[in-house]
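[1] Sequence plus the predicted model coming up.
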Amino acid sequence: MLIRFGDIQNAENVFQSIKNKNIITYATMMKAYVQNQMSEKALDLFEQIELNLNNAAYTIVFNACAELADDRAMKIGEKLLDEMPENLRNDNVVLTSAIHMLMKFGDIQSAQKLFQSIQKKDIVTYGAMMK
């Protein structure tokens, strides 16, 4: 609720008060940062995570990297994509966000290679390649 209204300060306070954070907690806070054009903070938080990422977390981090498209974001995004577990390489949402990120980086060749690896493409996947 706080995130929807852009109340990042109170969302951060709630996040900090949570003693046993899980990947959903982290992903929610990272998403809040990305939605409020604070992708640097999203990547700062990502670098603190010592848990296995889920598909939502991958998507959020790829989106943060795409928004920034600077040296740091490129290093994080490319490393994350390289280390992504095999089970997520069939997730169209994750792959589409990775394609979008690569296109923002200007790495059309890698984006095209990833696009071609997708078995069941949808309109969103095609859209990511056209941006």
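    Received it, and whenever you're ready, just let me know what you need. Numbers count the residues shown, from 1 in each chain.
[2] count of neighbours near Thr125?
    18 (other Cβ atoms under 10 Å). In short, each C-beta sits where N, CA and C put it, glycine included.
[3] One more: Asp122?
    11.
[4] So it versus Glu47, what's the distance?
    31 Å (Cβ to Cβ, to the nearest Å).
[5] How about Met30?
    11 Å.
[6] what about the two, which has more around it?
    More crowded of Met30 and Glu47, by other Cβ under 10 Å: Met30, with 25 against 10.
[7] and that one, what element?
    Counting by DSSP states H and E, the element that carries Met30 is helix 23-35.
[8] can you check Met101 too?
    Short version, using DSSP H and E: Met101 is in helix 92-105.
[9] How far off centre is that helix?
    Remark: helix 92-105 is offset 9 Å from the chain centroid, using Cα atoms, centre = their mean, to the nearest Å.
[10] could you check the angle helix 92-105 makes with the lowest-mean-pLDDT helix or strand in the chain?
    Counting by mean pLDDT, DSSP states H and E, the chain has its least confident helix or strand at helix 123-130, which shows a mean of 89. Inter-element angle recorded for helix 123-130 and helix 92-105: 10 degrees (by axes from the mean of the first three to the mean of the last three Cα atoms, to 10 degrees).
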